[in-house]
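Predicted structure and sequence below. I'll ask about it afterward.
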Amino acid sequence: MRRVLVVPNDLLIKLDVAQDNTAILARWEQIGVTSSDEMMNQIICRLNEKFVKLNLVGYRAEEKDTIKKNLNNSGNVSKYSGYLENEAGNIDGLFFYNEPKTDNANDIATRNIWAALIGIYGAISEQMADLHFTNRPVYVVNLNETRRLSQRNVKINIICAMLMGFHYLDLFDNDLTDIISEGDTRNLDGTCADGILSAMISTLEQFDSLISGEQNHDFFEVESEARKLTLLSEKITNSSNPSAELYRFCSRIVPAVYFAKKERYYIDIENLEPINNTNLNILKNYLRKFNEHDRGNNQMQVIYFGAPGTGKSHTIDTEIIQGVNTDYVFRVTFYPDYTYNDFVGQLLPKVIPGENPQEPGMITYDFVKGIFTMALEKAYEDTSKDVYLIIEEMSRGDCAAVFGDIFQLLDREKEGLYAGYSKYFINNEMMAKDIIALPGTQVKLPPKFHILGTVNTSDQNVFVMDTAFKRRFEWEYVSTAPIETSAAAGTPEHYKNNPTLQFSDGTAMRFVEWVTLYQALNRFIADEKYLGLGEDKQIGPFFIEFDLSEQAAPQRKKQIKNKLLHYLWSDVHQAAYKGGAVLFDESIGTFSELYKKYEADEKIFSTQFLRTLDGFDARG
């Protein structure tokens, strides 16, 4: 998938100014750059080299106000922020830069990142299901060539950003190795793989040791025996510029709480509570989540099951996805021939025409994405957004074969920093290739990726789901009970989809509401006193969806004949094995006779069922 890097106009202005600075230009020339245009091309090329999934094909400059709006940044306008825009026109990554200077490096990986990140988090905090501070991958490019980059505190700024999972690119390959403790000599520079740093600093104790090397380390205290991380306020309260100091504070505190959560520490924020600062209040709201009980999202994987016509899809539409933008809803129906390749995607041939009609075309193979991959990509564009993959008629497909290795992803983390993500990963190059939030070929499900299915109990034996598959879903029963409306009780309008129908009882025409008829049928079908077929053969209030207008009466009669009677004859009458109880009149021996008698307004139901109908009160 191709992408465009969207940058603020301020960046181009700063590069134009920088190229007129002799000292800066001399440093640029060491990396083969002689102008601001070449520097932008260098940024694109180096990002593509280090992060091959980006596939950047160019850049576009926008006003910083436009970028703020597009990023849903509720805070201050940032002249250092941009984003990655994919070929679908959606944002799936954040971009920040350290500006080209020769005299200052204090803002590197602090103010230039956190001013925007806090504003973005403030707008999405209630939607974030996991404990990460960002909803998209973050890319930080250093254009600063000052010698002050060798200072310890500046290097720690950068390391803290990388420990949060931010992707860092230093165009000048400044070395960070010298401040890593314990004499680790592995290469850690601007081009290193992000995983190398994680291996070097992987615990709260190691991170505390790194930060403790700074002068006046007043960010936090670690009590290992008590399993407690106490956040300190002195850095902010004693600062002459507390707003600016807050950004450096964030850069140290957030990685610390990441480690603390992984190691099950309690996080004490009491020292921060008295301070009233807009940005700090956003940070405090974020930090409070770490000590809350993990909120398990029981709607991540749910199968709605029940008799045909109970409104399983209607339940999903009205109770789960009502009001959700259709861009975030993906729907598919399983059927016997539906395959893993249909679901995930497959390589298909594509003919590229020659330069003129006489030349033969060239055949290539493109990966055509299935609905699962498309939904997964959407979920990773912004992990604060709910994305729903709805699978209708799950039992009509072979779920074990259709899901294949995706089955491994259905186990979700219940707690911790990665709550809601898959516990385990699978390797699938084609599925992962356009998702920049996923490392390499490893695939996991994000926490707001919901898989919702529907299953008819009457046809669950088309393909039997094994127990291991079933237990990875919550199962929610959808009752056959009628759906009430706000209309007065005792009227047909009190229930949805409730026309008055006509049947002959052998002596006269009988008028009966649909709600009464289908519930009386359900009792006769399931009750051991009658057919004893169990709930699998029952029907729901929307087994037939009626047009309730007066002129639609002939159409309703046709629906009863072609849908209800067909089902009752084929799936109920012919499945009944108990003697002494029959649904249809004994004079009816064939399906064609049933049709003819119904069309002629003759008696079709048995006297035994009509007595059940007489004694049935749908209104309780």
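Received the coordinates, thanks. Because the structure is predicted, anything quoted here is derived from the model rather than measured.

C-alpha only now, for contacts and for neighbours.
Fine.

pLDDT weak spots in this protein?
Residue ranges of the chain with pLDDT under 70: 102-106, 146-150, 177-199, 214-216, 293-298, 459-462, 617-620.

Would you map out the domains in it?
3-202, 210-292, 301-477, 496-614 (automatic domain parsing).

among these, which is nearest S486?
Checking the domains of the chain against S486 by CA to CA gives domain 496-614 as the closest, at 9.8 Å.

Can you name the helix or strand that A23 falls in?
helix 22-29 (DSSP states H and E).

let me redo that: F367
Counting by DSSP H and E, F367 is found in strand 362-369.

To which secondary structure element type does V33 belong?
coil (DSSP: H, G, I helix; E, B strand; the rest coil).

number of nearby residues for it?
18 (other CA atoms under 10 Å).

now do T457
17.

ok, it touching G309?
No - with contact defined as CA atoms under 8 Å, T457 does not count as touching G309 (10.7 Å).

can you give me the helices for the stretch 401-550 of the chain?
429-432, 467-470, 514-526 (DSSP state H, counting those that start in this stretch).

and the first one, what does it pack onto?
Of the remaining helices and strands, those touching helix 429-432 by 3 or more CA pairs under 8 Å, 6 or more residues apart in numbering; DSSP states H and E are strand 442-443.

Pull up the pairing partners for the strand it packs on, direction included.
Strand pairing for strand 442-443, determined by DSSP bridges: strand 426-427 (antiparallel).

Report the buried residues of the strand holding F367.
V368, K369 (16 or more other CA atoms under 10 Å).

and after that strand, which helix or strand comes next?
Next along the chain from strand 362-369, counting by DSSP H and E, comes helix 371-381.

Please export the C-alpha coordinates of the top helix by length along the chain as PDB.
The longest helix of the chain (DSSP state H) is helix 242-262. What follows is helix 242-262, C-alpha atoms only, in PDB (Å, rounded to 0.1, in the frame of the first residue of the first chain):
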ATOM      1  CA  PRO A 242       6.000  24.100  34.300                       C
ATOM      2  CA  SER A 243       4.200  23.800  31.000                       C
ATOM      3  CA  ALA A 244       7.500  23.200  29.200                       C
ATOM      4  CA  GLU A 245       8.800  20.900  32.000                       C
ATOM      5  CA  LEU A 246       5.600  18.800  31.700                       C
ATOM      6  CA  TYR A 247       6.600  17.500  28.300                       C
ATOM      7  CA  ARG A 248      10.000  16.200  29.600                       C
ATOM      8  CA  PHE A 249       8.100  14.800  32.600                       C
ATOM      9  CA  CYS A 250       5.700  12.900  30.300                       C
ATOM     10  CA  SER A 251       8.700  11.500  28.300                       C
ATOM     11  CA  ARG A 252      10.000   9.800  31.500                       C
ATOM     12  CA  ILE A 253       6.800   8.900  33.300                       C
ATOM     13  CA  VAL A 254       4.900   7.100  30.500                       C
ATOM     14  CA  PRO A 255       7.700   4.600  29.800                       C
ATOM     15  CA  ALA A 256       8.000   4.100  33.500                       C
ATOM     16  CA  VAL A 257       4.400   3.200  34.000                       C
ATOM     17  CA  TYR A 258       4.600   0.900  30.900                       C
ATOM     18  CA  PHE A 259       7.200  -1.100  32.700                       C
ATOM     19  CA  ALA A 260       5.400  -0.900  36.100                       C
ATOM     20  CA  LYS A 261       2.200  -2.300  34.600                       C
ATOM     21  CA  LYS A 262       4.000  -5.200  33.000                       C
END
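
Any chance you could list what contacts that helix?
Helix 242-262 has contacts (CA atoms under 8 Å, 6 or more residues apart in numbering) with 109-111, 114-115, 157, 160-161, 163-164, 202-204, 207-208, 211, 219-220, 229, 231, 235-236, 239, 266-267, 280, 283, 287, 290, 416-417.

hmm, try it at 7 Å
By CA atoms under 7 Å, 6 or more residues apart in numbering, the residues outside helix 242-262 that reach it are 110-111, 114-115, 157, 160-161, 163-164, 203-204, 219, 229, 235-236, 239, 290, 416-417.

Quick check: buried residues in the helix holding A23?
For helix 22-29, by 16+ other CA under 10 Å, it's I24, L25, R27, W28.

Please name whichever of the domains of the chain is nearest to A488.
domain 496-614 (12.3 Å).

Please compute how far the closest one lies from its chain's middle.
44 Å (CA atoms, centre = their mean, to the nearest Å).

Contacts only, for the residue positioned nearest the centre of the chain.
Nearest to the mean C-alpha position of the chain, counting by CA atoms, centre = their mean, stands F449 at 2.8 Å. Applying CA under 7 Å, 6+ apart, we find F449 in contact with M300, A379, D386, V387, Y388.

what angle do the host helix or strand of L210 and helix 242-262 make?
Here L210, judged by DSSP H and E, is contained in helix 204-212. Per axes from the mean of the first three to the mean of the last three CA atoms, to 10 degrees, the angle that helix 204-212 makes with helix 242-262 is 160 degrees.

Numbering from 26 from now on, please.
I'll keep to 26 as the first residue from here, and by that count the last item is helix 229-237.

which helices and strands does helix 229-237 pack with?
Here helix 229-237 touches helix 267-287, going by 3 or more CA pairs under 7 Å, 6 or more residues apart in numbering; DSSP states H and E.
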